[in-house]
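Chemist: Sequence and computational prediction follow.
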Amino acid sequence: MTAAATPAAPVQGKMFLRQATGLVREVSLLDAFIMNTFGMNVAVGAVFLFLQAPADFPNGNMLLAVVIGTLLMAFTLLWVYSTFSAAMPRSGGDYVFVSRTLHPFLGWILGWSQGMWLIFFWIGFNAWFALTFAVPVALSTIGAATGQAGWTDASTNLLSSFSILGITTQWWVILFGALINIGFAALLIFGAQSFWRWQKVFFLFAGGSVLLAALLLAFDGGSISSSWNSFAASNKGLPYDQVIPTAVKNGYTLPSGFSFTDTLLMLPWVFFVVGYAQGSAQIGGEVRRASRNQYLAMVGGVLVNGAVLAILVIIFSAAVGTNWIGSVGYLGNNNASLLNLPGGVPPSFNFIVSLLTGNLIVPILIGIGFVLWALLGTPLSELQATRYMLAWAVDRMVPSAIGDVNDKHHTPVKAIIFCTITGTIALVALVVVPQASLLGALLAQILAFIVVSIAGIAFPYRLRQVWEKGGGHRILGIPSVVLAGVGGVVVLVGLMLMFIFNSTVNASFAVTRALSLEFMIGVVVIGIIWYFGAVALNRNKGVDVGLAYREIPPE
């Protein structure tokens, strides 16, 4: 399970598996910002915000929820991550932060849980979600907006099941998903610089699609009603002015005034966007000028992406009104047949914007961008997962081969290959076992974030010199990371309680389904067994891994 033995009492600074990771600092501020932006995924997040939040909580204010959620995440949780990343820019990010600040066991369980969700779920989920939701929606949207049935047929064929060697399943999803995983793995293996260059190209298309949608809404949003009616007439669908009364007739409650409670209950959808800007922390050892760039990439990233989401809320609401947004979302979620949209396409904002033009190029560009937003979670997940594995190997908690870094390409080749295999297995599981798609990693993620926030509170007192060396910001004499950590605990505990106890929220995110909780608990139990097993095995070899946890790992 662990590496070769070292002397029982290693010399100070010599207790790690090796004294350098083999990675290089080649990630720029722009690279880290884009990485975190793909992690937040404002495009997909906006789709679900518009489809679900106003339909579930009509008296809430989406814009206020976005502003509150953005500011809370930026200056609590992400401020904690940024402070740690500035002081301890290392691979493994929060695993290192918590294990050095609070306790090795807590750090291990946090890192293990985060890593296992990435390795055995998210890598496969990203490809599965792109091929079963993003691509079909994009194809159906293009077909619906242009009236060309071939696009809708392509969507149907992608999702259809057929038999090979007596096994009937969605073979196209498995094939294309495997190719996606392999393609991104090759890009990550054969030089990170090539990946960071390609990430910029992908971002041009993905970000451009959001910009294009925003511009269409801003300058031609008043034409949505006529565009919708033209589309509805040709598809025998529901006219624009009948959407609200039909939704009300079928159970939707129109807003009766402002409710701050309903606004707060919209925060899980906002968190789904601005709560995932910590990706660059996990590759901290590769980020240039981490003491400055991590704040800009994470805190700045949250503020920028939150602002983009707020702008989308403003211009979409101005174009069609919040009553219509809530009504069409309610029908889409509860009685989609009344809308009669071809190909089962949901009434998402990207679909609605695509109706504004009969030009084929526009819906294609928006569709490509939407798919890229879904797909780019795959390399992001692999980057984070493999850096956890590298950090574990350096601390002698997993086999040394897991942490090998190729001398030529400066990438953890074996770990990337392993993640590609497990990600493809997860993809197959998601296709074959429908219940697997209900796994709610959000609850495990929130619990991990709470632990990181607690570590932030302890950081200036447990590792004072490290904190001061990293900048040591104070506000009215109190370390800013302490204030941010306290705020993070309060906000995240409140968010977790919403997920657990509000039936509407947990029905939408499925975080309390039995399978989800069983998987989450099972991961933790296996992690506990692994931790004590690794400690005991190292002790039998004359290695005290506790000595490694008393120091900051090598870069």
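Modeler: Here it is on my side, so go on.
Chemist: Am I right that Pro58 is in a strand?
Modeler: No. Per DSSP: H, G, I helix; E, B strand; the rest coil, Pro58 lies outside any strand segment and is coil.
Chemist: quick one: it and Gly251 touch, right?
Modeler: No. With contacts counted by C-beta atoms under 8 Å, Pro58 stays clear of Gly251, the gap being 11.7 Å. Every residue, glycine included, has its C-beta placed from N, CA and C.
Chemist: who has more neighbours, those two?
Modeler: Residue environment comparison for Pro58 versus Gly251 gives the larger neighbour count to Pro58, 21 against 10, counting by other C-beta atoms under 10 Å.
Chemist: who's in contact with that one?
Modeler: Shown in contact with Pro58 (C-beta atoms under 8 Å, 6 or more residues apart in numbering): Tyr252, Thr253, Leu254, Pro255, Asp262, Gly326.
Chemist: Tell me where the stretch 451-555 of the chain has strands.
Modeler: When secondary structure is read from DSSP state E, counting those that start in this stretch, the stretch 451-555 of the chain shows strands at 474-475, 478-479.
Chemist: Could you dump the ones you listed into JSON lines with mean pLDDT and mean neighbour count added?
Modeler: Formatted as JSON lines, the entries for the strands of the stretch 451-555 of the chain read as follows, by pLDDT from 0 to 100; neighbours: other C-beta atoms under 10 Å:
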{"stretch": "strand 474-475", "mean pLDDT": "94", "mean neighbour count": "12"}
{"stretch": "strand 478-479", "mean pLDDT": "96", "mean neighbour count": "16"}
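Chemist: Can I get those strands in JSON lines including distance to Trp373?
Modeler: As requested, the strands of the stretch 451-555 of the chain are arranged in JSON lines below (distance: least, C-beta to C-beta, whole Å):
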{"stretch": "strand 474-475", "distance to Trp373": "36"}
{"stretch": "strand 478-479", "distance to Trp373": "36"}
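Chemist: so which of those comes closest to Ala53?
Modeler: The minimum distance between Ala53 and the strands of the stretch 451-555 of the chain falls on strand 474-475, with 32.6 Å, by C-beta to C-beta.
Chemist: tell me what that closest one is packed against?
Modeler: Contact here means 3 or more C-beta pairs under 8 Å, 6 or more residues apart in numbering; DSSP states H and E; on that basis strand 474-475 packs against no helix or strand.
Chemist: Please identify the pairing partners of that strand and their relative orientation?
Modeler: Strand pairing for strand 474-475, using DSSP bridges, gives strand 478-479 (antiparallel).
Chemist: chain center to the strand it pairs with: distance?
Modeler: From the chain centre to the centre of strand 478-479 is a distance of 30 Å (C-alpha atoms, centre = their mean, to the nearest Å).
Chemist: who's in contact with that strand?
Modeler: Outside strand 478-479, the residues that touch it by C-beta under 8 Å, 6+ apart are Phe459, Pro460, Trp467, Gly472, His473.
Chemist: Then stretch 321-328?
Modeler: Outside stretch 321-328, the residues that touch it by C-beta under 8 Å, 6+ apart are 50, 54-55, 58, 62, 240, 243-244, 246-248, 252, 254-255, 316-317, 339, 347.
Chemist: Could you pull up the residues touching the nearest residue to Phe121 once chain neighbours are set aside?
Modeler: Ranked by C-beta to C-beta, 6 or more residues apart in numbering and with sequence neighbours excluded, the top spatial neighbour of Phe121 is Ala426, at 5.6 Å. For Ala426, the contact set (C-beta under 8 Å, 6+ apart) comprises Phe120, Phe121, Ile123, Gly124, Phe125, Trp128, Ala436.
Chemist: By neighbour count, which of those wins?
Modeler: Of all these, the most densely surrounded is Ile123 (31 neighbours; neighbours counted as other C-beta under 10 Å).
Chemist: Next up, identify which helix or strand that one is on.
Modeler: Assigned by DSSP states H and E, Ile123 belongs to helix 123-129.
Chemist: which other helices and strands contact that helix?
Modeler: helix 171-189, helix 361-375, helix 377-394, helix 413-432.
Chemist: buried stuff in the first one?
Modeler: For helix 171-189, a neighbour-count test (16 or more other C-beta atoms under 10 Å) marks Val173, Ile174, Phe176, Gly177, Ala178, Ile180, Asn181, Phe184, Ala185, Leu187, Leu188, Ile189 as buried.
Chemist: Out of these, which two are the most distant from each other?
Modeler: Val173 and Ile189 (24.2 Å).
Chemist: Output the below-cut-off pLDDT ranges for the protein.
Modeler: Where the chain drops to pLDDT under 70, the residues are 1-22, 191-192, 343, 358, 434-441, 510-516.
Chemist: pull the longest helix from it.
Modeler: Of all the elements of type helix in the chain, the one with the most residues (DSSP state H) is helix 290-320.
Chemist: Mind listing what's buried along that one?
Modeler: Going by neighbour count (16+ other C-beta under 10 Å), the buried part of helix 290-320 is 290-291, 293-306, 308-317, 319-320.
Chemist: Distance from the chain centre to that helix, please.
Modeler: 15 Å.
Chemist: Also stretch 468-488?
Modeler: Distance, centroid of stretch 468-488 to centroid of chain: 26 Å (C-alpha atoms, centre = their mean).
Chemist: how about the CA coordinates for that stretch, as CSV?
Modeler: Output for stretch 468-488, consisting of C-alpha atoms alone and laid out as CSV, is shown next (Å, rounded to 0.1, in the frame of the first residue of the first chain):
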residue,chain,number,x,y,z
GLU,A,468,2.1,35.3,8.2
LYS,A,469,4.4,34.3,5.4
GLY,A,470,1.4,33.9,3.1
GLY,A,471,0.3,37.5,3.7
GLY,A,472,-1.5,37.5,7.1
HIS,A,473,-4.4,39.8,6.3
ARG,A,474,-6.2,41.3,9.2
ILE,A,475,-9.5,43.3,9.5
LEU,A,476,-9.8,45.4,12.7
GLY,A,477,-7.0,43.3,14.2
ILE,A,478,-8.7,39.9,13.5
PRO,A,479,-7.2,37.6,10.8
SER,A,480,-9.5,37.9,7.7
VAL,A,481,-9.3,34.1,7.2
VAL,A,482,-10.9,33.7,10.7
LEU,A,483,-13.8,35.9,9.9
ALA,A,484,-14.2,34.2,6.5
GLY,A,485,-14.0,30.8,8.2
VAL,A,486,-16.7,31.7,10.7
GLY,A,487,-18.9,33.1,7.9
GLY,A,488,-18.3,29.9,5.9
